[in-house]
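Q: predicted model and sequence follow; I will ask about them next.
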Amino acid sequence: MKDVAVILAAAGRSTRFNDPYQKKVYASVHGKPVWQYSAQLFADHPRVGQIIMTIAMEDQEMVQEKFAGNLTLFGVEVVLGGEERSESVRNALQRIRPGIALVAIHDAARPCLSRQSLNQVIEEASKHRAAILASPIRATVKRVDPTNHQIIETVPRDGLWQAQTPQVFRTEDLQRGYANAKGNPTDDAQVIEKMGIAIRVVEGHESNIKITTKEDLRTVEGILKSPARTRDNPFF
C-alpha cells in the first residue's frame, strides 16, 4: 500500500556551504547529486507513493536543465519553496494526493539515511501517529554568552537528543498544524508538538548527518563509499 508521501526539503540558501557555483544539495558525490541519494531510497520503498522536492525559485531553470531525467526516473515532483523552510513545506503540503496517510519530511542534504532507519520511523509513525529520527547528545554541552564567548553553564545532557530527519506525521495533522502555525518553526516536529500530539523518537544512526559545510561533504563522501553501504546490505 503506497500511503506515504515524502517532502524533500531542498530550497535552502546553503550560505554556510560557501560555494558560489552550487548549493549543497546539488553537489556531486561519487557521480550523483546529493539529493538523489535519499530520493532513490524513498522511490524504492514499498509504501512511498509520492515524492515532492521543494526548490528555490532561482534554481528552477538549473534543476530542469541538469536533473529533469533523474527527477522523472525517481518520480520526483518539483515545487517552488518559500523564503523560509516552513513556507516550502506549506507549499508542498498543498500537492499531497488523496489517499496519503503519512507525510515524511526529509532534508535533501542528508544523503546517508539508511533503509533500516527509514523503515523504523515509518513503522513507528504508523503505530503512534507521529515519529522522528533523532540521536542522543553524547558530547558535553555548554551554554555560552554570545557577547563575550564565555561559558555560562554546563547543560545536563540527560534526555537531550538532536533531531534528524525524516520526521513522519499523519497527513491531516501536519496540514492542520501548518495551517495554524505562527512564526517559523525550527522543524516540523515543533508544529506537531504545539498541537499537543505525542511524538515517538526513533534512534537514528550518527552517519545520518546533514551537510552544512564543505567538511561535511567530505565526511559524507567517506560514508557513502564505505564497503558496508552496498545495495545488498539491509542497513544501507
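A: Structure's in. What do you need? Residues are numbered from 1 along each chain as shown.

Q: tell me the contacts of residue 60?
A: Residues near residue 60 by CB atoms under 8 Å, 6 or more residues apart in numbering: 78, 80. In short, each C-beta sits where N, CA and C put it, glycine included.

Q: give me the below-cutoff pLDDT ranges for this structure.
A: Applying pLDDT under 70 to the chain flags residues 226-236.

Q: quick one: the strands in it, in order.
A: 4-10, 28-29, 32-33, 48-55, 76-80, 102-107, 130-136, 141-144, 151-155, 161-170, 200-203 (DSSP state E).

Q: helices and strands around the fourth one, which ones?
A: Looking back up the chat, that one is strand 48-55. Applying 3 or more CB pairs under 8 Å, 6 or more residues apart in numbering; DSSP states H and E, one finds that strand 48-55 contacts strand 4-10, helix 34-43, strand 76-80, helix 85-93.

Q: could you redo the last one with a cut-off of 6 Å?
A: strand 4-10, strand 76-80, helix 85-93 (3 or more CB pairs under 6 Å, 6 or more residues apart in numbering; DSSP states H and E).

Q: quick check: which of those is nearest to residue 105?
A: Between residue 105 and the helices and strands packed on strand 48-55, the shortest gap by CB to CB is with strand 4-10, which sits at 4.7 Å.

Q: show me what counts as buried in the closest one.
A: 4, 5, 6, 7, 8, 9, 10 (16 or more other CB atoms under 10 Å).

Q: rebuild these as a markdown table, extending it with distance to residue 161.
A: Formatted as a markdown table, the buried residues of strand 4-10 follow (distance: CB to CB, whole Å):
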| residue | distance to residue 161 |
| --- | --- |
| 4 | 23 |
| 5 | 25 |
| 6 | 22 |
| 7 | 22 |
| 8 | 23 |
| 9 | 20 |
| 10 | 25 |
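
Q: kindly indicate which of those residues lies nearest residue 119.
A: residue 4 (11.2 Å).

Q: could you check the distance from that closest one over to residue 124?
A: 13 Å (CB to CB, to the nearest Å).

Q: on that earlier part again, got TSV for the strands of the chain, with distance to residue 120 too?
A: What follows is those, written out as TSV (distance: least, CB to CB, whole Å):
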stretch	distance to residue 120
strand 4-10	14
strand 28-29	24
strand 32-33	25
strand 48-55	15
strand 76-80	23
strand 102-107	12
strand 130-136	8
strand 141-144	26
strand 151-155	28
strand 161-170	10
strand 200-203	5
